[in-house]
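Undergrad: what follows is a predicted structure for the sequence shown.
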Amino acid sequence: MKSFSKSILIVLMGVAGSLGAQRKSQPIEVGITLGGANYLGELSPSVALNETKPMGGIICRFNYSDFITLRGNALFGQISGSDKNYSDIAERYKRNLSFKSDIIEIGGTIEYNLFGYSETQRFNPASPYIFGGVAMFKFNPLGYFEYMPDVHTQAEYGDLAKYDGQWVELQPLSTEAQETTKFNERRRYALTQISIPIGIGYKQQFDDVWAWGVELGVRKTFTDYLDDISTTYVDPQITRGSNGGLAAAMADRTPELKRTDLVNDYGSEERLGAARGDETTKDWYLFLNFTLTRKITGGKTTCFQF
């Protein structure tokens, strides 16, 4: 993955360098960004607007030419998802999983200004653009635990009352029995990963210094665990034996529904090995943000995003 990301960066820098060979100036822009974040995965196969969370960050632009802009950014946001948003679907209601996670991203992209972005334009410079690049991001899925004495019994789960009302880290719990003796081929996922940002935007200068813009960007990731869900259910005795009762409780939350007709197969042969997620697809996250930018050097405009 590291060699792949390095190759992408080399290609992008080479394209920008060749296209920018005839640039007239080298203005630098710095800025901020504010907007909303969302995700696509097992808990949100389509964008759930009610799960939109805030995002923000800072950017720095270097205009190679009227058509090519290099950009670096540091962004922060939060994503979340829940089966409760799809409770009309029987399997989603029964699974009863949810999560939230902070996203910290540091990346570089190339913007291609479709109409050119030049101060020689008669009116204020403006152009739609497309962009692509490479980013490194950090995430850490959390699950909310509500202690139910009649469900989380001392005999089966141990003392879980101390976790009541807490957001607990899911990766250390190995909720799909990662790296246990029986499922050693399931590796514990890394919390720092590579993503590929791609998207579209529009920017416009409104005086000699300031500009505004709007941007929609999606991030292709190479992990299926933004939400801590990917493969199958496992025997609760395995998760409990390797990581304690809390791991078993967070791995299968159907018992919390207190529905006898649904809970009867908990830990049964039919339940074990049943799909918990879909490991054939990877998760995505996305940002929709507005930009405000200020020029600090050169003859063009600098952008802040918010």
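TA: Yep, that arrived.
Undergrad: show me what contacts the residue nearest to Ala190 when sequence neighbours are not counted?
TA: The shortest distance from Ala190 to any non-neighbouring residue, by Cβ to Cβ, 6 or more residues apart in numbering, is to Thr223 (7.7 Å). For glycine as for every other residue, the C-beta is placed from the backbone atoms N, C-alpha and C. Applying Cβ atoms under 8 Å, 6 or more residues apart in numbering to Thr223 gives the contacts Tyr189, Ala190, Gln193, Lys282, Asp283.
Undergrad: quick one: which of those is nearest Thr153?
TA: Nearest to Thr153, judged by Cβ to Cβ, of the contacts of Thr223 is Tyr189 at 30.2 Å.
Undergrad: what about the closest one, neighbour count?
TA: Residues near Tyr189, counting by other Cβ atoms under 10 Å, number 18.
Undergrad: partner residues bridging Gly36?
TA: Taking DSSP bridges as the rule, Gly36 bridges to Pro54, Leu288.
Undergrad: pretty sure it sits against Phe287.
TA: Yes: here Gly36 lies in contact with Phe287, judged by Cβ atoms under 8 Å, at a distance of 7.3 Å.
Undergrad: which one of those two has more residues nearby?
TA: Using other Cβ under 10 Å as the criterion, Gly36 and Phe287 rank with Phe287 on top: 25 against 17.
Undergrad: and the pLDDT at that one?
TA: For Phe287, the model assigns a pLDDT of 98.
Undergrad: and it, what is it in contact with?
TA: Residues counted as contacts of Phe287 (Cβ under 8 Å, 6+ apart) are Gly35, Gly36, Ala37, Met55, Leu75, Gly77, Glu215, Leu216, Gly217, Arg219.
Undergrad: at 10 Å instead, please
TA: 33, 35-38, 55-57, 75, 77, 79, 103, 105, 197, 199, 215-219, 305 (Cβ atoms under 10 Å, 6 or more residues apart in numbering).
Undergrad: doesn't Gln193 lie inside a strand?
TA: Yes: secondary structure of Gln193 (DSSP: H, G, I helix; E, B strand; the rest coil): part of a strand.
Undergrad: would you map the strands across this structure?
TA: 28-40, 53-63, 68-82, 98-113, 126-139, 142-145, 166-169, 192-205, 210-221, 284-297, 303-305 (DSSP state E).
Undergrad: so who does Ala275 touch?
TA: Contacts of Ala275 by Cβ under 10 Å, 6+ apart are Glu42, Glu91, Arg95, Ile229, Ser230, Thr231, Thr232, Tyr233.
Undergrad: and with 6 Å instead?
TA: Neighbour list for Ala275: Thr232 [criterion: Cβ atoms under 6 Å, 6 or more residues apart in numbering].
Undergrad: could you check how far it is from Arg92?
TA: Remark: distance between Ala275 and Arg92 (Cβ to Cβ, to the nearest Å) = 12 Å.
Undergrad: repeat that for Glu169.
TA: Per Cβ to Cβ, Glu169 is found 24 Å from Arg92.
Undergrad: more neighbours: which of these two?
TA: Of the pair Glu169 and Arg92, Arg92 is the one with more neighbours under other Cβ under 10 Å, namely 18 against 15.
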